[in-house]
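Novice: I would like to see how this sequence folds:
(2 chains)
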Amino acid sequence: MTLDIIIAGGGRVGFETAVLLDTRGHDITVVESDDDRCDEMADEYVATIINGDASNPDILRQADVDGSDVIAGLTGLPGQNLAICMEATEMNPEIRTVARIADRDQEGYGQFVDETVFPEGAGARVAANEIEGSDVRTLADVTGTLDIMEIKVEEGAPAAEKALREIRFPAGTLVISDDDGERVARPETTLAPGKRYVIAVEPDVADEVMNLLRG
Amino acid sequence: MIGMGAMIGAGIFVLTGLAAEIAGPAAILVFLLNGVVTAFTGLSYAELAASIPKSGGGYAFVREVFADLPSFVMGWMLWFAYMIAGGLYALGFAPNFLELLHVYDLTPPPDQVGAVALPVVDAAVPAAVGLAFVAVLGLVALNAVSTAASGSVETIFTLIKVSILVVFVAFGATSPMFSSAEFQPLFPGDAGALSILPAMGLTFIAFEGYDLITTVTEEVKNPRENIPKAIFVSLAVTVLVYLAVVGVAIATLGAEGLARAGEAGIAQAATEFMPTGLPVIQNGGAIIVFGAVFSTLTALNAVVIASSRVAFSMGREEQLLPSFGQLHHRYGTPLVAILASGVVMLGSVALPTQSAGNMSSLFFLLSFIVVNGSVIKLRRERPDMNRPYEMPYYPLPPILGIVLNLILTGVLIEYLLRTDVLALVLSGSWILLGIAAYAVYTRLGSSDEPSEAAEPDEPIPQTDD
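Specialist: Numbers count the residues shown, from 1 in each chain, chains lettered A, B, ... in the order given. Coordinates of the predicted model:
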């Protein structure tokens, strides 16, 4: 299930998000107003780039809001993110909206957008884990390039209702947990639709794994 | 590299003889002019591929720019073009393979085994067509159960092919036949200079490689420089190699001889002048014949991948049944897309080589027109899009590209009306079939859509550090 995603704001947060989504096989358009930043991103070749201010409706329209599934306002300015999300909803009522906020107590934004993101909060959680030096790690703070993801198996996906031993995952994939993380997966574990599995994948096969599990 | 592999690969071995048949010695001009025409489309591909980081080739770009139906038709046409190209390469493979066996005296000369030019004749059919059939079946099966050979292998293949051709040109140019070569009359008798136009249409398929290059752009570093470079370098090299090889082939075998040899033209030319009595390989011509067999097979492999890839992306975009866009749980390959492509390819093996070439060229011409159009549309609708590579003298190149491709399309259709109505009918019915399938599919799709769309995609927990 490939998503068409618009990311407004190609700074560190916006761009890193684009890179992650690109490795999972989604189609991304980034809107960024800074010329130099646009050139830098173009060299990385992960997204189509619109050069302009995303809160300007004429620019936003060029990102093809009508044909997109999700828009994420990830600029450093919460007010602008909110404006972008609401403009996009106006153009395409079906679109999911995600806005980056700057403070823990801006949860009121949730009334106007589908999801809020607080990058500093996530960063702090990672930093706290590192500082503590604990062996216990949350899914969120894997270092290196390996991704450990919790994935919900989609109804009708190619691997749904198949036992693990029947499924040929690409090399670089490891299914770690059984249904809802109660046991370690075994060859006879059957991937039930709607259940969640913890899976370790190398970034270059993440796309294929997503296809097998999500359809 | 993959694009060059396909462009240089099979086209040169299979099409040279056919082009000579239509245009005589002017076949050289045919390839040169085709290079010029495609250069404009090359600019469009370069601009699109540099600014839209998707590896899906023409279909992905057009999908980005046009509404559902036009992009569906584009994908549908490209898919067909690749599948028919597969049939063409398989048909080119067969006589060259027979020639290879002949070089080692295992079989009589290919024209006595099976006259591929006359596939209706009873006993002649099985040998060549059967071989082509087996080749397609084998490669489809191979691709269906395992993920395809990687780009680096393809690079080695291309280098092998180019060096074989260099050997061919070197021996040909120094052979006594070359020095006494006759290029006069340049245009055969009554047909005149215009006869090169249909030949251009027929051999246009040789330049499909552009689209192939852009299907594998995902791993490109520094696209601003490298994508345009890849496109133009491969165009230049391809045209050069074609000119040299066709020149030598015509000079040594003569346009008529070349035309008579048909799909195995280059291979036969080689057996004429390559030294014989070498150790191990016995016959110098065997290298070239081997090159032809090898090239047609690798090109066949490339289009099996390319065609299934188009079908796969169409499935992903929900323009074909979603099962086209899924990897098989056991084999990790887009099995449905590959099998569906294989079926049509197998069917196309029953066509005469010329018809296969004509149809494939026709669809590539049409899709190149759409690609040029989408550059213009994108510039108008999204003026602020970041374009790492901007073509010079916009909007001249895409307009010229459209006009020239339209002219060739017109000439090709006119030529087909006179000589090959079957190909034209098949092409037309493929498009109609597509539109009908699309209408049925969207009708059905819109009725189940709500239930599927009701469940939003769960976000996967993940942070960026």
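
Novice: wait, B:Y438 sits on B:P70?
Specialist: No. In this structure, B:Y438 is not within contact of B:P70 by C-beta atoms under 8 Å, at 10.8 Å. From N, CA and C alone the C-beta is placed, and that goes for glycine too.

Novice: quick check, A:M149 in a strand?
Specialist: Yes. When DSSP: H, G, I helix; E, B strand; the rest coil is applied, A:M149 is found to be in a strand.

Novice: how much space between it and A:G181?
Specialist: 12 Å (C-beta to C-beta, to the nearest Å).

Novice: check B:T353 too.
Specialist: As it turns out, when the distance is counted by C-beta to C-beta, B:T353 lies 59 Å from A:G181.

Novice: neighbour count: those two, which is higher?
Specialist: More neighbours sit around B:T353 than around the other of B:T353 and A:G181, counting by other C-beta atoms under 10 Å in any protein chain shown; the figures are 27 against 13.

Novice: just give the nearest non-adjacent residue to the more buried one, would you?
Specialist: Spatially, and ignoring its direct neighbours in sequence, B:T353 is nearest to B:L91 (4.4 Å; C-beta to C-beta, 6 or more residues apart in numbering or on different chains).

Novice: so that neighbour touches B:A132, yeah?
Specialist: Yes. Counting by C-beta under 8 Å, a contact exists between B:L91 and B:A132, whose distance comes to 5.0 Å.

Novice: overlap in contacts of those two?
Specialist: Counting by C-beta atoms under 8 Å, 6 or more residues apart in numbering or on different chains, the shared contacts of B:L91 and B:A132 are B:V349.

Novice: determine the longest helix present in chain B.
Specialist: What stands out as the longest helix in chain B, according to DSSP state H, is helix B:223-261.

Novice: which strands or helices does that helix pack on?
Specialist: Taking 3 or more C-beta pairs under 8 Å, 6 or more residues apart in numbering or on different chains; DSSP states H and E as the contact definition, the neighbouring helices and strands of helix B:223-261 are helix A:35-44, helix B:2-23, helix B:27-51, helix B:151-174, helix B:176-179, helix B:209-215, helix B:265-273.

Novice: could you give the average pLDDT over that helix?
Specialist: For helix B:223-261, the per-residue pLDDT values average out at 75.

Novice: now stretch B:305-314
Specialist: Along stretch B:305-314, the predicted local confidence has a mean pLDDT of 81.

Novice: near chain A at all, it?
Specialist: No. On the criterion C-beta under 8 Å from any C-beta of the partner chain, stretch B:305-314 is out of touch with chain A, staying 8.9 Å away.

Novice: and the gap between B:F40 and B:K377?
Specialist: 16 Å.

Novice: out of the two, which sits in the busier spot?
Specialist: Remark: of B:F40 and B:K377, B:F40 carries more neighbours, 22 against 16, as counted by other C-beta under 10 Å.

Novice: just give the nearest non-adjacent residue to the more buried one, would you?
Specialist: That would be B:G401: by C-beta to C-beta, 6+ apart, it lies 3.5 Å from B:F40.

Novice: and that neighbour, what pLDDT?
Specialist: At B:G401 the predicted local confidence, pLDDT, stands at 88.

Novice: what's around it, how many residues?
Specialist: When counting by other C-beta under 10 Å, one arrives at 26 neighbours for B:G401.

Novice: what strand or helix carries A:F169?
Specialist: For A:F169, there is no host helix or strand (DSSP states H and E).

Novice: so where's chain A uncertain?
Specialist: A:1, A:133-144 (pLDDT under 70).

Novice: mind listing the shared neighbours of A:M149 and A:G181?
Specialist: Counting by C-beta under 8 Å, 6+ apart, the common neighbours of A:M149 and A:G181 are A:V198.

Novice: circling back: and the host helix or strand of the residue nearest to B:F40, what other elements does it pack with?
Specialist: Counting by DSSP H and E, the secondary-structure element that holds B:G401 is helix B:396-419. If you count contacts as 3+ C-beta pairs under 8 Å, 6+ apart, helix B:396-419 packs onto helix B:27-51, helix B:196-203, helix B:353-381, helix B:421-453.
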